[in-house]
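In: I'll drop the sequence and a predicted model, then ask my questions.
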Amino acid sequence: MSTLKKILVDKDKTCKSIWFMRQAGRYLPEFRKIRSQNPDFIELCLNSELSSEITLQPIKRFNLDSAIIFSDILMTPYALGQEVKFIKDQGPELSDFNTERFLDKKEKEFSHKLNPVYKAIEKTRKNLDKDKSLIAFIGAPWTLLVYMINIKKNKNEINFNKLNQKDININQILDKLIKFLCIHIQNQVNAGADIIQIFDSWAGLLPENIIKDYCFVPNAKIVEFCKKEKIPNICFPKGIKEKYEDFNRIVNPDGINLDYDIDPLWAKNKLKDVVIQGGLDPKILLKSEKEMLEGATKYIQAFKDIPYIFNLGHGLLPETDPDRVKKLIEFYRNN
């Protein structure tokens, strides 16, 4: 059993485990080389050989406990029939959402479109040491819905007029997404993944009156499925601040990833019966080595006597120096 699973499943506080969100990505020169030759991001995610190679790049470089499959949360809307493009310096752009086509989507077609992702997981698992976990992931229903029906006004605001259009039944869409996300989870586990992370990247945009229905409840249904199937799971409801406490109580995940706005001592005192992961601001890897190590020490000390997985409060930034990543890993291993 990997150290990550020992912590998540057995709540072993003697184990040390470290991995990073976006550990396979643009900060690595070997990734940039592949990316420069493969400009279409979705096609790259559907290239099983390259996806597996990219997944293993940080494992070959660093002393990490886990690999996370190179893919994207938007592979789900892609498989559900939307066109997904990544526009340089702007981010993802999806074709118009068609409710009827979405609701008519069949399970077999959905799984078939994502088969290259599952093949990449199979290949990666064969080439990954048995004592390392292979993490797969999904986007949470609310976060996917934000992209699918294009309701973001800007980085920090939702267009609620569009959300409340008569032809959009939010609960119906969320329920359908939950169904297909559970299929995607099971397919990834069947292919060789042993841990699932659920990214609710836009949870922080939800106001008090609907956060339970649109964030907590959908996440809880997916976690319930994972627990029924004995799949270790980690949730990341980014940006919800003190509502982390309510999220943890209602969703009851195996693990919960802190974002960098959450004070680690507050989390330790408020988040009960859950393994805590992450929290360190990825920007700190861009500062002096002294500041980086002081920041890491804050988390190491806060969680030294409880089960904890060392990670960040968001993904590694493209401008991060790989040598800094190596230094941080070595520091954690020795402290």
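Out: Arrived safely. Remember, predicted model here, so these are calculated numbers, not experimental data. Residues are numbered from 1 along each chain as shown.

In: tally up the residues packed near the nearest residue to Ile211 once chain neighbours are set aside, please.
Out: The shortest distance from Ile211 to any non-neighbouring residue, by Cβ to Cβ, 6 or more residues apart in numbering, is to Lys243 (6.4 Å). In this view, the C-beta of every residue, glycine as well, is placed from N, C-alpha and C. Neighbourhood size, Lys243 [other Cβ atoms under 10 Å]: 19.

In: try Gln57
Out: Gln57: 19 surrounding residues under other Cβ under 10 Å.

In: just the CA atoms of stretch 245-253, as CSV, please.
Out: The C-alpha trace of stretch 245-253 is given here as CSV (Å, rounded to 0.1, in the frame of the first residue of the first chain):
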residue,chain,number,x,y,z
GLU,A,245,-16.2,23.3,8.1
ASP,A,246,-19.7,22.9,6.8
PHE,A,247,-18.4,21.2,3.6
ASN,A,248,-16.5,18.7,5.6
ARG,A,249,-19.4,17.9,7.9
ILE,A,250,-21.9,17.5,5.1
VAL,A,251,-19.7,15.9,2.4
ASN,A,252,-17.6,13.7,4.8
PRO,A,253,-14.7,13.0,2.4
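
In: got the buried residues for that stretch?
Out: By neighbour count on 16 or more other Cβ atoms under 10 Å, the buried set for stretch 245-253 is Glu245, Phe247, Asn248, Val251, Asn252, Pro253.

In: which one of those residues is nearest Asp305?
Out: Asn248 (19.0 Å; Cβ to Cβ).

In: and Ala67, what element?
Out: strand 66-68 (DSSP states H and E).

In: mind listing the strands that strand pairs with, and their directions?
Out: Under the criterion DSSP bridges, strand 66-68 sits next to strand 133-139 (parallel) in its sheet.

In: can you pull out the strands in the stretch 151-300 of the chain?
Out: Ranges of strands in the stretch 151-300 of the chain, per DSSP state E, counting those that start in this stretch, are 152-154, 157-158, 195-199, 233-236, 255-258, 275-278.

In: any chance of the ones you listed in CSV, with mean pLDDT too?
Out: Compiled in CSV, the strands of the stretch 151-300 of the chain are given as follows (pLDDT from 0 to 100):
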stretch, mean pLDDT
strand 152-154, 67
strand 157-158, 76
strand 195-199, 98
strand 233-236, 98
strand 255-258, 98
strand 275-278, 98
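
In: need these in a markdown table (columns: mean neighbour count and distance to Ala79).
Out: Formatted as a markdown table, those follow (neighbours: other Cβ atoms under 10 Å; distance: least, Cβ to Cβ, whole Å):
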| stretch | mean neighbour count | distance to Ala79 |
| --- | --- | --- |
| strand 152-154 | 12 | 22 |
| strand 157-158 | 13 | 24 |
| strand 195-199 | 24 | 17 |
| strand 233-236 | 26 | 21 |
| strand 255-258 | 24 | 25 |
| strand 275-278 | 26 | 27 |
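
In: among those, which is nearest Glu53?
Out: strand 195-199 (20.8 Å).

In: now do the closest one against strand 133-139, angle only.
Out: Calculated by axes from the mean of the first three to the mean of the last three Cα atoms, to 10 degrees, strand 195-199 forms an angle of 30 degrees with strand 133-139.

In: in its sheet, which strands sit next to strand 195-199, and in what direction?
Out: By DSSP bridges, strand 195-199 pairs with strand 133-139 (parallel), strand 233-236 (parallel).

In: so which of the ones you listed gets nearest Tyr147?
Out: strand 133-139 (7.9 Å).

In: I'd like the next helix or strand past the closest one.
Out: Note on strand 133-139: by DSSP H and E, the next helix or strand toward the C-terminus is helix 141-148.

In: can you get me a residue count around the closest residue to Lys241 other than its chain neighbours?
Out: For Lys241, ignoring the flanking residues on the chain, the nearest one in space by Cβ to Cβ, 6+ apart is Asp261 at 6.3 Å. Asp261 has 15 neighbours, counted by other Cβ under 10 Å.

In: if we can go back for a sec, if I read this right, the residue nearest to Ile211 contacts Asp200, doesn't it?
Out: No - judged on Cβ atoms under 8 Å, Lys243 makes no contact with Asp200 at a distance of 11.4 Å.

In: shared neighbours, these two?
Out: Taking Cβ atoms under 8 Å, 6 or more residues apart in numbering as the contact rule, Lys243 and Asp200 both touch Pro237.

In: pLDDT score for Ala136?
Out: For Ala136, the pLDDT comes out at 98.

In: I'd say it and Phe199 touch.
Out: No - using Cβ under 8 Å, Ala136 is not in contact with Phe199; the gap is 11.5 Å.

In: the stretch 151-300 of the chain: helices as residue ranges?
Out: Secondary structure of the stretch 151-300 of the chain by DSSP state H, counting those that start in this stretch: the helices cover 160-163, 170-191, 211, 217-228, 244-251, 264-270, 289-302.

In: residues contacting Asp281?
Out: By Cβ under 8 Å, 6+ apart, Asp281 lies in contact with Tyr260, Gly295, Leu312, Gly313, His314.

In: out of those, which is nearest to Asp65?
Out: Of the contacts of Asp281, the one sitting nearest to Asp65 (Cβ to Cβ) turns out to be Leu312, at 14.6 Å.
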